[in-house]
Every structure is written in structure tokens, then in C-alpha cells.
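# model this:
(chains A, B, C and D)
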Amino acid sequence: MSGFDKVVNSYEEAMEGLADGMTVLAGGFGLSGIPENLINQIKKLGVKDLTVVSNNCGVDGFGLGILLEDKQIKKMVASYVGENKLFERQMMSGELEVELTPQGTLAEKLRAGGAGIPAFFTATAYGTPIGEGKEVREFHGRPHILEQAITGDFSIVKAWKADRYGNAIYRGTARNFNPEIATAGRICVMEVEEIVEPGELDPNYIHTPGIFVDRLIQGTFEKRIERRTVREA
Amino acid sequence: MSGFDKVVNSYEEAMEGLADGMTVLAGGFGLSGIPENLINQIKKLGVKDLTVVSNNCGVDGFGLGILLEDKQIKKMVASYVGENKLFERQMMSGELEVELTPQGTLAEKLRAGGAGIPAFFTATAYGTPIGEGKEVREFHGRPHILEQAITGDFSIVKAWKADRYGNAIYRGTARNFNPEIATAGRICVMEVEEIVEPGELDPNYIHTPGIFVDRLIQGTFEKRIERRTVREA
Amino acid sequence: MSLTREQMAMRVARTIEDGSYVNLGIGIPTLVANYIPEGREVMLQSENGLLGMGPFPTEDEVDADYINAGKQTITTVNGSSIFSSAESFAMIRGGHVDMTALGAFEVDVNGNIASWMVPGKLIKGMGGSMDLVAGAKNIVCMMTHTDKEGNSKLLKQCKLPLTGAGCIRRVLTDLAFVEIDIENSRYILRETAPGVSPDEVVSKTEGEMIVADDVREMDV
Amino acid sequence: MSLTREQMAMRVARTIEDGSYVNLGIGIPTLVANYIPEGREVMLQSENGLLGMGPFPTEDEVDADYINAGKQTITTVNGSSIFSSAESFAMIRGGHVDMTALGAFEVDVNGNIASWMVPGKLIKGMGGSMDLVAGAKNIVCMMTHTDKEGNSKLLKQCKLPLTGAGCIRRVLTDLAFVEIDIENSRYILRETAPGVSPDEVVSKTEGEMIVADDVREMDV
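Reported below is the predicted structural model:
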């Protein structure tokens, strides 16, 4: 294969280079579209003092929640961290630093990080504790706060399918933060349900162009459901 | 049809409400993916003193170039305005005000306008005439300039196909500025080659969600080619 | 009689125009979807990245790749579209969502809202609420008029940490439909729940409240 | 002997690594694509919204919906992807493009570049050039060493309005391959065109230039 072949053969190889103290950006919303196996690999590696940026921190025993068990996370940047007792305990005891960020601001910070925009103004969170200490400026008669971009050492994302070049598509709302996260890490590792040959995915409907993806691996996924809600058939 | 049916029946209806002095954001790059018929309608309406934001200003006799003939454009915001003699003449004589904006900054200003981001920092154009008079701030040891978002009264865009709700897909590089332009106008008018029923386009591969589109019309397009370049078969 | 949760949802549902894109918060606001008047079509936005949320799936339809902002399994409607988080909040922040209904702990006469955090209690995070109150064109707060101890939740000034400043103009409680006149830092009582007097509403409201000349009893 | 345009393109093409994403400006840089060494794959970015630009189309393949940044009709390669302008420049500004080759009127010892505007002459606009010089990780400027009157284009300080400040580290001219040592505000002569002496290059360079200890004649 060519120099654009991003496929790696093991999860060890996929997460090679991850070290203590690094910043990891993780795709997913709740338990949907999370890079399950890459998270498992981080647990296996036992690296410590991580800063993890992700909308949520999984649940007890699944997703990013498992990195709490051995206290691998030093700081969590997220918009919502309920549904996780271990998280709660570590946050309350001060072992875990938490930086809450509004969901849209978090998404925009990650997009900005990938897009070379170091900072932007937003009206979101002005006048709230999240806006405290941040520069305020009025635009169109309305106060806005200055927010800084987020970048990381590693991006870990989960897509549905990708070709060997890393051109990827997501499925349904499992897309969520993954496209932005993919752009914001120095090294982007993507795991997918299926790897196809270049040319099999229509170039017109690629969600994440391969230029953003450094390593690609095919995995199998549990895809746990957090709140199974059904109606009568 | 439902309240989400965006289809209008005539180009008159499509551009209803456009008035002298308004700001029009127009999709397209060169002559590719331009809303040809909506531009023709603006010419027909004869509205004056328009501010037009578009990467280019068409060519003599086609695309936005035709709005120069009756001096309908007061100010043009673009990244590249070559290939147009009438434009050149009006610019030189001072009849036409031109605000040159780097292509990426222009795209980002339009995205920001649609996304409720009033301003952002970028390294692009720092130290150049485009950066003069703009606020400079250092991030990560590098000077950046503050750029403001662009919004408009009307967005005029051209897509390939859309369903009646305005969910649209573009084809090839005719996509260009159209998705960002679609989000940044108070009223977004979209013309397409084909209108289909809701459900016919896969929700997973929509480029512009219908929420951004206010009026939709099916047209026929000349699709003129600016630089036909071929190789031997 | 104070309104039931269902009556509150009905009252808000009636105000939604045909062809609206709407984001409904968890709790009572979610119920609004059940009472959209016949003949009006509404497209529900789920801020994790979906426009056109459908009903919950049948057991056979459950798909882990399709969830809503409350992490519940969902379906999509005809003409839906899916997008990333940044695109979703571009939509919200950019003012493209026509209406948002959400719950609150407190509001005040300056249009402030507190809905995400009670100091000393567990902090779970604001999720998308701060973006929604900052971005939506038309927000309606749905909440009980008083807390369990009978203290007013329509305050002169919010005591809890804010979700947004100066964002709220309309509040539906179990007792009344109220507008906030930010310019004059006061509430305007527009409608009362059936059998509830304007005086009762005013007495249960901490912030200054004037009674509209055309105040009326709500249709439920 | 000064290098031909083709030799300049070859020299740059040799430096491109396998698996690189590259943006080539109009003029001489465009020719680089023709000389990529065998066994190396390069993905060309066209800033109007395409990664994976292929050769020009045959007459039968011409499609108005597929053009490059120079507005020429083009084709796409296997594994290409298409995106909007904002996404394209997110890629560029965000430093994801591995290399950019572009022309210039002038460069200087502080890494400044002027390439888009000559005051008093017609101004056509900068297109994507300012974003490209600000965003690419690795930029090579391709230009003649002197203008038609023999004046150096490798200056102490650019005289024309800039395209970017402090962006340029590498310049290939028809006479030499030169690095810019911004810290010390000088050029470092690395390679000369065959038959061109280091002295000749230095004499035709306005800004301070040191000759690298290991200066050598270029392979062409």
C-alpha cells in the first residue's frame, strides 16, 4: 500500500507514544460513538496524569469511566459528568480536577483547535460561573466572552467505516463530537467497524477526510446503551 | 405539504423582499456552483447599492458579473476579482468599493456569522495590509488578528439536490462556499437541479440541513466553465 | 388549581407554530412533543446532532447509534438530518432554532436563569443548556412557581449560579404564564391557571410583578 | 546555468515525502506534480474543497462541478474527499497540509513574503495565498532569483505589501536553494544550480547571505 495507508495492526500500535501527562481528546456522546477499544488500550497501558477532553466521562465500568479505576485521569474537561459514582467520588475528594465547559463551547473549542483558530468570542456562558475571569466584549450590543481553542496530544475517535487512507463516515448520532475531535489532536487514532479500500466510499459524502487521521484500526464494539427507551410495537 | 415545505414556485417569489442597500451573500467559486438564476433575478429586480459577499465576482456577462452592468453593486467583499474587465473599470474609477479578504478568512467569517461567533482570531494576514488596523494578539507565541463575522440579509446558494424541507447535497467542488453561505443570511434562498421528497436523501449524508434554508427552487443551469482544461484521451 | 405537567406541556405546545424547529429540554419540556396541535408540523432538534427526532424505537428498532441528548434510544422522522456537535451548536448559537423549552430552578426580573447547579450539591454539568439559552430565538422556561417549601422561584435576582444572563422573556409555571419585562425589571402576568387568582400569583412571586390589563385565565 | 522551470519543479518534487498532502500554487509550483518520484504517493489539495486532485479530464470527462483552485477542470483520484471552503481552510490554517509550494515576487531575511499585489498595478486579490502561507507546516517558495532588470528578489526587507509575515523558511530559485535563518535575519545558501558559483548567488542576493559549510551543487 501507499504512504497514505493509515491502517495499524494492533491496539498497541494504535496508541503507541501515549505517555503520562498527555492530553487525550475522546469522541463520543454518552456511550454512543465512543472509541471503546482505544479507551481499553489506554487502561492497559496504565499511563497516568492524563488530561481527558470529552463531552462525558463514560459510566462506572464502561467507556472513559474505566480510566478512573486506576486514577489515570488527572483532569477532565467535559460538559456533563453525571451517571458515574467513581467520578463523583474522585471529584468530591479533589483527586480529579474537573473543568466544566458548555457543550457547544466545547465543540467549538475543539473545532477551533483543529482549524487553527486560537480563540473566539461567544455569548454562551456570559454572566455565569463559566464566564468568570474571561475577557468580555460587546458585539452587536450583547456581551460575549473570549474562549480559547483546545488541542491535544492524541485524538481518539470512533467512526463507522473508513477507507485505508482514513477517509471516514459516521453513522447516526454516533457522529457527535468525533469529527471535531479528529481534527484537534496532534495524532489522531481512529477505530472503525469496517475498513474498506480507497474508492469504495463516495468522496462527496466523506465526513472526516483522511488528512486528519494518522492511525486506523478495525475493531469490534459492544456499543452499550445507556438509556434503552422503547415504545410498544 | 407541511410547514417545512420550502419550495417556492417562481424566481420572483424566491427573491421577494430584496431591496436597495441590502447585503447579499452568494455561494460559488469562480463560476462553479453559483446560483445563476438567482443572480439573474437580482439583475431583473434592478435593486441597487448592494453589498455582495462572494469569493469572486463572476466574469463579464455571467454570474455576479452581470450585476455590474447596471451598477447594482456598491461594495464587493471577495478574495479574488480577476477575469472581469467591467469590475476592474468600476473598481479603478471608484464606483465600486472592494474589500479584499483572504479566502480562508472569508470562509471562516461566513461560518462564524452563521454559527453565532461574532469574532475570532487568526494568524492569516497578520503583518499584511489586510491586518492593518485590526487588533493583534499573541497566542502560542505567534501574533494573530481579530476578524469579525459576516452575516447578510440574503444568502443565495446553489446545491445539487434538496428535498422539499431544504435538506441539501452538493456535488463535487461546486460545494465550495455554499454550505457556509447558506447559514449566514437572514433569508437563505437555495436553487437546485432537482427537488426530491423528504426521505429520499439519506439523513446521514446531508450537507446543509433544511433548518438553514428558507426558500427552495428548482432551476436549469448553464454551468459555464471558466477554464476548460483537458488532456488527451 | 395549579396546572399538571401535562397541562403545562399542552399550553406550550399550543404556541408552537407550524414549521418550527424546536429543542425540548429534559423533564416537563419533553412532554411538549406529545401535544403539538393537529395540522402543525414540528421538527425536534437533539443537540447531540439530529434534526428530526422521531418517537422512541420499538424493541426491534433499538439502535445504539441513534440516541437523543438525554441518551435515550430514538428514531428519526422522514426528512431528518444528522450532523456533528460543532454543527449542531452552530445551529443553536447562530439562532437558527426557532424555539427552546427548558426547565429552571430560578428565573429573575432581568431575564436571568439558573438551572444547572446548586452549590454544595453534586455538580453534574450544564450540558448544552448554556448554549441553548444564549442561542435560541424564543425560549420558554417551564417550572413550578414555587419550590417544595413554598418559596418563589420567580425572583428579584437569581441566587443560584446562572445558566445564562438576560436570556429569558417567557415563563410558564404551574400557576401562570408570565412575561419578563427586562427593560423595567419586572414580571408581567399574562395568564393564570384556571381557578388561580392574579393576587395569588403575585403573592407567590418574589420579583416585582404587574398584572396585564388583559390578564386572563388559561385555556387548558 | 540557471535552472529551467521544469528543473525547479523536479528539485522540489524530490523533497516531497511519500504520503504527503500537498498544496501547489499556480505557475511553476503546479509543475511539481509532474515530477513526483516513482513509488511516492502524494495527495494534492485544492483549496476550493478537494483533497486528491487527479489529472485534467479527457474531453469526455469534463464536468463543470469539478474544478481546481485555478478554476481549471479536473478529475479526482481514488480515495479523494470533497469538503466546503470553511473545512478546506480549517485544514490549511490548522496545519494539516504537509507542504505548500508557491510563487512569490519577493521574500526577505525575516521570512516575509510578498506575492499578491504591486501597488499601482491592478489588484486581483490574494485568493487563498495568505491562508496558505500562514497555515502550512512546510512552505517552499519557488521564484526566479532576480527580476527582469536583474534586481534581487531575495531582499533584506520586502518592499511590496506582504502576503505573510515570518512564514517562509525555504526558497528555491533558478540559481539556488536557500534557507532563511530568521533568528539571525539572514539567508543560508545550501545548494547552487549546476555551474552557478556561491559567489554569484551571494552577489545576486540583496539580504545578508552566508554560505553553508556543506554547500553543494544541486542534482538535477
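
# C-alpha only now, for contacts and for neighbours.
OK.

# contacting residues for residue 181?
Assuming you mean chain A. Counting by Cα atoms under 8 Å, 6 or more residues apart in numbering or on different chains, A:I181 makes contact with A:25-27, A:110-111, A:114, A:155-157.

# Sorry, I should have been clearer: chain C.
Residues in contact with C:D181, defined by Cα under 8 Å, 6+ apart, are C:109-110, C:169, C:187-188.

# Just checking: what are the partner strands of the helix or strand harbouring C:I188?
Using DSSP states H and E, C:I188 maps to strand C:186-192. Using DSSP bridges, the strands paired with strand C:186-192 are strand C:176-181 (antiparallel), strand C:209-217 (parallel).

# And for that strand, what's in contact with it?
Contacts to strand C:186-192, defined as Cα under 8 Å, 6+ apart, come from residues C:109-110, C:175-181, C:198, C:201, C:207-212, C:214-218.

# Now the element after that strand, going C-ward?
That would be, after strand C:186-192 and using DSSP H and E, helix C:198-203.

# quick one: C:V32 and D:E41, what's the gap?
Applying Cα to Cα, to the nearest Å, the value for C:V32 to D:E41 is 56 Å.

# ok, now A:H207?
A:H207 is 23 Å from D:E41, by Cα to Cα.

# in the sheet, who's paired with the residue nearest the centre of chain A?
Nearest to the mean C-alpha position of chain A, by Cα atoms, centre = their mean, lies A:A26 at 2.2 Å. Beta-bridge partners recorded for A:A26 (DSSP bridges): A:I156.

# who are the neighbours in contact with the residue of chain C most remote from its centre?
The C-alpha centroid of chain C is most remote from C:D60, which lies 31.8 Å away (Cα atoms, centre = their mean). With contact set as Cα under 8 Å, 6+ apart, C:D60 has no partners.

# got the phi/psi numbers for it?
Dihedral angles of C:D60 (phi, psi; degrees, to the nearest 10) stand at phi -70, psi -30.

# before we move on, the earlier item: out of the contacts of C:D181, which comes closest to chain A?
C:N110 (11.9 Å; Cα to the nearest Cα).

# thinking again about what came up before, just want to know which of C:V32 and D:E41 has more residues nearby.
Ranked by neighbour count (other Cα atoms under 10 Å in any protein chain shown), C:V32 and D:E41 place C:V32 first, with 23 against 18.

# Check the offset of the lowest-mean-pLDDT helix or strand in chain A from the chain's centre.
Here the helix or strand of chain A ranked lowest by mean pLDDT, DSSP states H and E is helix A:85-92, holding a mean of 92. Distance of helix A:85-92 from its chain centroid, counting by Cα atoms, centre = their mean, to the nearest Å, is 21 Å.

# do whichever helix or strand comes after that helix and chain C meet?
Going down the chain from helix A:85-92, the next helix or strand is strand A:97-100, by DSSP H and E. Yes. Counting by Cα under 8 Å from any Cα of the partner chain, contacts between strand A:97-100 and chain C involve A:L100.

# Show me what secondary structure element comes after strand A:97-100.
helix A:103-115.

# before we move on, the earlier item: just say which of the strands paired with strand C:186-192 is most tucked in.
strand C:176-181 (a mean of 24; mean count of other Cα atoms under 10 Å in any protein chain shown).

# what does the average pLDDT come to for that one?
For strand C:176-181, mean pLDDT is 98.

# Then stretch C:86-103?
For stretch C:86-103, the mean pLDDT works out to 97.

# Now that stretch: buried residues?
Residues of stretch C:86-103 classed as buried under the neighbour-count rule (16 or more other Cα atoms under 10 Å in any protein chain shown) are C:86-103.
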